[in-house]
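Visitor: how does the following fold in three dimensions:
(2 chains)
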Amino acid sequence: MAVYKRSYKSYAGSITAEWSRFWIIPRFAWHGLFKQRLLTILYVVCFFYPLGAALVIYFNSNMSFLRQYIPVPDRLIDIGNTFFFTFISVQSVLGFILTALIGPGLISPDLTNNALPLYFCRPLSRTGYVAGKMTVIAALLSLITWIPGLLLFTLQASLSDSKWWDANAYLAWSIFLSSVLWILVISVLALALSAWVKWKVVAGGLMLVVLFIGSALGEMVRQIARSDFGRYLDLAYNMSRIWGSLFRITEDTGSISLEESIAVVLAFSAFCIYLLMKKVRAFEVVR
Amino acid sequence: MNSVIELDQLSVRLGNRDILNGLTGTLKARTIGLLGPNGAGKSTLINTLLGFYPPHKGTARIFGYDIRQQRNAIRSLAGYMPENDCFIGNMSAVTFVRYMAELSGLPPEQALERAHEALFYVGLGEARYRKVGTYSLGMKQMAKLAQAVVHGPKLVILDEPTNGLDPPARLRMLKLIQEMKASGTMHIILCSHLLRDVEETCEEVVILKQGRVVHISNLEEERRLNKRFLELEAYGTQNGFLDAARAIGCECADLGNGRIKMVLGDGVDVRNIYQLASERNLQLRRLSNRRDSLEDIFLRAMEN
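Guide: Below you'll find the model as predicted:
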């Protein structure tokens, strides 16, 4: 129907494949995201550490270049599991702050204006909707965590000898797995809070509360009860316990086993998904 | 004619309460009105047809697709305009309608083109770059209609489309519905408690009461039948007028004071009645078809 005719005409054109519609939700969400200046600045800041790390890796393998200007030792630092563990830790914190900014704005506007029936009266499932929203966070965080991490790993591997590769090949998997795990956990947390709290600022604040108050509460219980039971409440601790294992870093872990930490993280994620799916539906059934 | 909706013992239970109870019936018309008092289950029926609520027992079919098993196929064919405010407030109308069109399966370029067209069609052409959140209630209703028809669905479900509209906007909405019906490519289900809206636009009505179908009626057929039913007011002596009418095949009832009810026989039309009256010097001061309005049908259904 041409605009000037202003009469109804049905559509007889082509239809996109159902699988390709998955990208529509992230694409439209993406458009709105970078209109926020604070977010854009923070996102740029997230690339400073990877760039710095790339320079360190480069100069570490090319000390003769630096030695022309300043007196330096044979090697700046040892690039191994600790280097990449620190990299992932720093980037994860930045990713968390980024998620606290973008996550709450993903579902809450749809809930505030009751837009969910409009999504679900179309061939789109609730899982597809949540996965689409999650993709926004996952794509943004991937670009600052495991993708630069693997690029740094590749750079280091290309500049060092085969002995380094033999000793550290597992790090590629560790970088990827630790980042993906973190992304999934904070994505479901952000979306669950976004679904339950309509105010974006409050939802963002709650994300920080869940992480930091959880840690504080865990520590409090640990001190008062003199038991490691409080660690179960500390999401950050359990995540770093899993990361430590992935990066083969030995720390004082107390009496919480790796399996218990994995169970805590899985239970936390499952609870967030339960909360999310309870709210993400076309109409609520009032019992 | 193929059926649009087949209800087959459809029951829906929400929170241990039976909301719909064994709905059965076949609806075939191009525009179907869904009527009933508040709490009759109209919106629940719509939500169940769209797959938002699971049927407890029985099923329903839309264009032959089962709502239990072929939900996506149904949703691909349908457009839905919900009763309450439903929009994405921070999007411009054109982005919002385009977004909905893309989710319905239109490629991005066509979705954008159709979004512009749909907004012009519903009368929001000049305001299409404004954020939907800033629209008035009437404009939001129109934006909801635009998103429901943008992808050219085969079936459009309109839940209380004239809610909150002022009289000119209401007339415009009804005109749009009639135009869509006239396009011949779309079936419409209109859920409303405003009998006049349904009467003006629908060919078939389903009346619900306490979660049950109490009446299914084809308004076109009712209107045709009503044309055979006359109410007369005569002045003067009848001089065998009723007998003469009966002789040509009409059924008559004398209500006294010159008031007569009559069902025209086959092959008899109003002209013959005037002729009989004229031959007997009987003055017919009023002759009208019985108007069994939707309100009468509705009230009868409620009494039952």
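
Visitor: how about the strand or helix carrying residue B:114: buried residues?
Guide: Residue B:114 belongs to helix B:108-121 when assigned by DSSP states H and E. Residues of helix B:108-121 classed as buried: B:110, B:111, B:112, B:113, B:114, B:115, B:116, B:117, B:118, B:119, B:120, B:121 (neighbour count, 16 or more other Cβ atoms under 10 Å in any protein chain shown). In short, each C-beta sits where N, CA and C put it, glycine included.

Visitor: pull the longest helix from the chain.
Guide: Because you didn't say which chain, this covers chain A. Secondary structure of chain A per DSSP state H: the longest helix is helix A:170-196.

Visitor: oops, wrong one, chain B.
Guide: helix B:167-182.

Visitor: near chain A at all, the helix or strand that that one is followed by?
Guide: Using DSSP H and E, the helix or strand that follows helix B:167-182 towards the C-terminus is strand B:187-191. No: Strand B:187-191 stays clear of chain A (Cβ under 8 Å from any Cβ of the partner chain), getting no nearer than 11.2 Å.

Visitor: still on that earlier bit, and the following helix or strand past the helix holding residue B:114, what's buried?
Guide: Using DSSP H and E, the next helix or strand after helix B:108-121 towards the C-terminus is helix B:137-149. Within helix B:137-149, the residues that count as buried by 16+ other Cβ under 10 Å are B:138, B:139, B:140, B:141, B:142, B:143, B:144, B:145, B:146, B:147, B:148, B:149.

Visitor: what about dumping the CA coordinates of helix B:137-149 to CSV?
Guide: What follows is helix B:137-149, C-alpha atoms only, in CSV (Å, rounded to 0.1, in the frame of the first residue of the first chain):
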residue,chain,number,x,y,z
LEU,B,137,-4.7,7.7,24.3
GLY,B,138,-6.4,7.8,20.9
MET,B,139,-3.1,8.0,19.1
LYS,B,140,-1.8,5.0,21.1
GLN,B,141,-4.8,3.0,20.1
MET,B,142,-4.1,3.8,16.5
ALA,B,143,-0.4,2.9,16.9
LYS,B,144,-1.5,-0.4,18.4
LEU,B,145,-3.8,-1.0,15.3
ALA,B,146,-0.9,-0.1,13.0
GLN,B,147,1.4,-2.7,14.6
ALA,B,148,-1.4,-5.3,14.4
VAL,B,149,-1.9,-4.9,10.7
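
Visitor: and it, what does it pack against?
Guide: strand B:78-81, helix B:93-103, helix B:108-121, strand B:155-159, helix B:167-182 (3 or more Cβ pairs under 8 Å, 6 or more residues apart in numbering or on different chains; DSSP states H and E).

Visitor: can you list those in a markdown table and add mean pLDDT and distance to residue A:227?
Guide: Converted to a markdown table, these look like this (pLDDT from 0 to 100; distance: least, Cβ to Cβ, whole Å):
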| stretch | mean pLDDT | distance to residue A:227 |
| --- | --- | --- |
| strand B:78-81 | 96 | 55 |
| helix B:93-103 | 96 | 51 |
| helix B:108-121 | 94 | 57 |
| strand B:155-159 | 95 | 56 |
| helix B:167-182 | 92 | 66 |
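
Visitor: nearest to residue A:221, of those?
Guide: When the helices and strands packed on helix B:137-149 are compared by Cβ to Cβ, helix B:93-103 sits nearest residue A:221, at 46.1 Å.

Visitor: relative to helix B:108-121, how tilted is that closest one?
Guide: Interaxial angle of helix B:93-103 relative to helix B:108-121 (axes from the mean of the first three to the mean of the last three Cα atoms, to 10 degrees): 130 degrees.

Visitor: quick one: average confidence on stretch A:262-280?
Guide: Mean per-residue pLDDT for stretch A:262-280: 94.

Visitor: next up, the contacts around residue B:27.
Guide: B:3, B:4, B:5, B:6, B:7, B:204, B:206, B:216 (Cβ atoms under 8 Å, 6 or more residues apart in numbering or on different chains).

Visitor: which among those end up buried?
Guide: Buried among the contacts of residue B:27 by 16+ other Cβ under 10 Å: B:4, B:5, B:6, B:7, B:204, B:206, B:216.

Visitor: check contacts around the fifth one.
Guide: Taking Cβ under 8 Å, 6+ apart as the criterion, residue B:204 is in contact with B:27, B:28, B:29, B:31, B:32, B:33, B:216, B:217, B:218, B:219, B:220.

Visitor: which among the residues you listed gets closest to residue B:159?
Guide: Relative to residue B:159, and with distances defined as Cβ to Cβ, the nearest of the contacts of residue B:204 is residue B:33, at 12.1 Å.

Visitor: using the three-state scheme, assign the closest one.
Guide: strand (DSSP: H, G, I helix; E, B strand; the rest coil).

Visitor: what bridges to it?
Guide: residue B:190, residue B:205 (DSSP bridges).

Visitor: where does pLDDT dip in chain B?
Guide: Low-confidence segments of chain B (pLDDT under 70): B:1, B:226-227, B:290-292, B:304.

Visitor: need the contact partners of the helix or strand harbouring residue A:163.
Guide: Residue A:163 is part of helix A:162-168, with elements assigned from DSSP H and E. Under the contact criterion Cβ under 8 Å, 6+ apart, helix A:162-168 has outside partners A:79, A:80, A:81, A:156, A:157.

Visitor: identify the residue nearest the residue in the stretch 51-200 of chain A positioned nearest to chain B in space, chain neighbours excluded?
Guide: Residue nearest to chain B within the stretch 51-200 of chain A: residue A:121 (3.9 Å; Cβ to the nearest Cβ). Spatial nearest neighbour of residue A:121, excluding adjacent residues (Cβ to Cβ, 6 or more residues apart in numbering or on different chains): residue B:80 at 3.9 Å.
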